[in-house]
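A.B. asks: Sequence and predicted structure below; questions after.
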2 protein chains.
Amino acid sequence: MKSSDPKDLKLLMIEKSDDLKTHQWVYQLLRNNLLCGRIEPGKPLTIRGLAEILQVSPMPVREALHRLACEGAVEVKNNRRVIVPSMTAEKFSELSELRILLETHAAEGALPYIKQQDIEILEQIDAKIDAAVEHNDVDNISLHNQAFHRHLYCANPFQIAVPLIESLWLQLGPFSRIAISKLEKVYLVDRHVEALETLRQRNLLGLRRAIEADIRDGIASIKTVDGIHDYFQGVA
Amino acid sequence: MKSSDPKDLKLLMIEKSDDLKTHQWVYQLLRNNLLCGRIEPGKPLTIRGLAEILQVSPMPVREALHRLACEGAVEVKNNRRVIVPSMTAEKFSELSELRILLETHAAEGALPYIKQQDIEILEQIDAKIDAAVEHNDVDNISLHNQAFHRHLYCANPFQIAVPLIESLWLQLGPFSRIAISKLEKVYLVDRHVEALETLRQRNLLGLRRAIEADIRDGIASIKTVDGIHDYFQGVA
DNA sequence: GTCTTAAAAATGTGATCATATTCTATCGAC
DNA sequence: GTCGATAGAATATGATCACATTTTTAAGAC
């Protein structure tokens, strides 16, 4: 039996800007593709295979893969095969709980530093989310959704939790994307509007509630997917 | 003015076992030295310098440093200089809060899986901590203390938070170690005994309280260090 | 036809080298 | 003497190569 070819990948490309080092470009490209579920769980990744696809030497790919492994986005097996980890029900539940724990904390820490300008930026991002929802553009929904949360949390200049949170996103990303893509239409109560209101009012508890509700909505919509359990534990 | 020589380092060596890849050995060695405060904040690290000290090629050092950077243990400046980040009061406070948040959660998740055998192992580790406290052996106090917490949390087979927690330890490590080394005598209420008792009783709330108290004790003892504020923000 | 075994291809790791960028220090202007 | 510029050293990055291990493929035995 032949396992799937590591080179058989339809990657979402991004242009390499000149101020970006090659390994950073590879990292961001792979990261985006993982978050979009473009690389499905169980898929074996090889350094040389990716290097050939991306037309770069194996070195920057090696670094990018190691970093992704460090963040839990990919898993290095003892047979030194690199794969996208498969999801289990327990893992999904734990990752979700950790998201709520860390993100409500991060939001709370950011609130005192939120300026009018931040609120305006967040409104713009939310508008992009709405537009993406309108077109059922799942890629951009999750991309802009992350941008919204990231900008909020990073308002706190003493932010420590964001890298941890991003690691959780990376671990949830591939699975969430696959699950959501099974939905005919993504429907979401716009918790971001609620969150923005609590920001204006400096309402700490309300903000925490809005963030938690936003995350729980996402989890709930994933759980509405028909036969969602078939997608756990690598049963594709 | 000449900045400190990257090669001027007194590293705590560990022997390289054969089943360990070179880059893993370098990683563990640097990690240990960072946790022990052997490499002080602000110290510039260079790939070639470390490679020469450790008598390996620059390649495994490169990988180890990148991984440590990914975990927040070292910081890669835009001038591509790698340094140990200095601590600020706000950063220390935030890292401590995150420890409490994540570790009480991890302890809670582990409780249902704790077996008699785990309790016995934890008792053994705690005995080692007591012995280290007796001899004021700060290295082993923190080492075994981490082992205690790690074993507790890892009882949960669906554990996700431990890597995040270890990242926090790595960021706190160098500073804590330097601060504590200023103490004449480390004095600690043995919260681990309390925690073990709550494990036997399956007392969830008590366990959370014990873990939080344990972490807060550590923070408090650091804050008792004379002139602790001089050690913030890289003022050495 | 199925299982075992051996050859061949592929892969990760680590070493070495070329290059562009950054840092250091010596030299010169004021 | 102090400040700034230029030459040299040092560095990270990325490419290429050699090697040990693993995986895949192919051939042979029953």
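C.D. replies: Received, thanks. Numbering: from 1, shown residues only, chains lettered A, B, ... in the order given.
A.B. asks: Could you use CA atoms for every contact and neighbour count after this?
C.D. replies: OK.
A.B. asks: Is stretch A:82-94 positioned near DNA strand D?
C.D. replies: No. On the criterion Cα under 7 Å from any atom of the strand, stretch A:82-94 is out of touch with DNA strand D, staying 10.4 Å away.
A.B. asks: Now do that stretch: everything it contacts.
C.D. replies: Residues outside stretch A:82-94 that contact it (Cα atoms under 8 Å, 6 or more residues apart in numbering or on different chains): A:39-46, A:73-77, A:172, A:175, A:229, A:231-234, B:158-160.
A.B. asks: Restricting to those residues, which residues neighbour DNA strand D?
C.D. replies: Okay, of the contacts of stretch A:82-94, nothing touches DNA strand D (Cα under 7 Å from any atom of the strand).
A.B. asks: For PyMOL, write a command that selects the buried ones of the residues you listed.
C.D. replies: Per 16 or more other Cα atoms under 10 Å in any protein chain shown, the buried members of the contacts of stretch A:82-94 correspond to this PyMOL selection:
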select buried, (chain A and resi 39+40+41+42+43+44+45+46+73+74+75+76+172+175+231+232) or (chain B and resi 158+159+160)
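A.B. asks: what about A:Gln201, neighbour count?
C.D. replies: Applying other Cα atoms under 10 Å in any protein chain shown, we find 11 residues neighbouring A:Gln201.
A.B. asks: That one and DNA strand D, how far apart?
C.D. replies: 43 Å (Cα to the nearest atom of the strand, to the nearest Å).
A.B. asks: Got phi/psi on A:Tyr45?
C.D. replies: Just to correct that, residue A:45 is Leu rather than Tyr. phi -120, psi 140 (degrees, to the nearest 10).
A.B. asks: where along chain A do the strands fall?
C.D. replies: For chain A, strands defined by DSSP state E occupy the ranges A:44-45, A:75-76, A:82-83.
A.B. asks: what about the second one, distance to the chain center?
C.D. replies: Per Cα atoms, centre = their mean, to the nearest Å, the displacement of strand A:75-76 from the mean C-alpha position of its chain is 18 Å.
A.B. asks: Ok, stretch A:148-158 next?
C.D. replies: That offset, for stretch A:148-158, works out to 16 Å (Cα atoms, centre = their mean).
A.B. asks: Buried residues in that stretch, which are they?
C.D. replies: Buried residues in stretch A:148-158, defined by neighbour count with 16+ other Cα under 10 Å: A:Phe148, A:His149, A:Arg150, A:His151, A:Leu152, A:Tyr153, A:Cys154, A:Ala155, A:Asn156, A:Phe158.
A.B. asks: Go through the residues you listed and flag which are in helices.
C.D. replies: A:Phe148, A:His149, A:Arg150, A:His151, A:Leu152, A:Tyr153, A:Cys154 (DSSP state H).
A.B. asks: How about the contacts made by the closest residue to the third one other than its chain neighbours?
C.D. replies: Nearest-residue entry for A:Arg150: A:Val162, 7.3 Å, with adjacent residues in sequence omitted and distances by Cα to Cα, 6 or more residues apart in numbering or on different chains. When contacts are counted by Cα under 8 Å, 6+ apart, A:Val162 is found next to A:Ala106, A:Arg150, A:Tyr153, A:Cys154.
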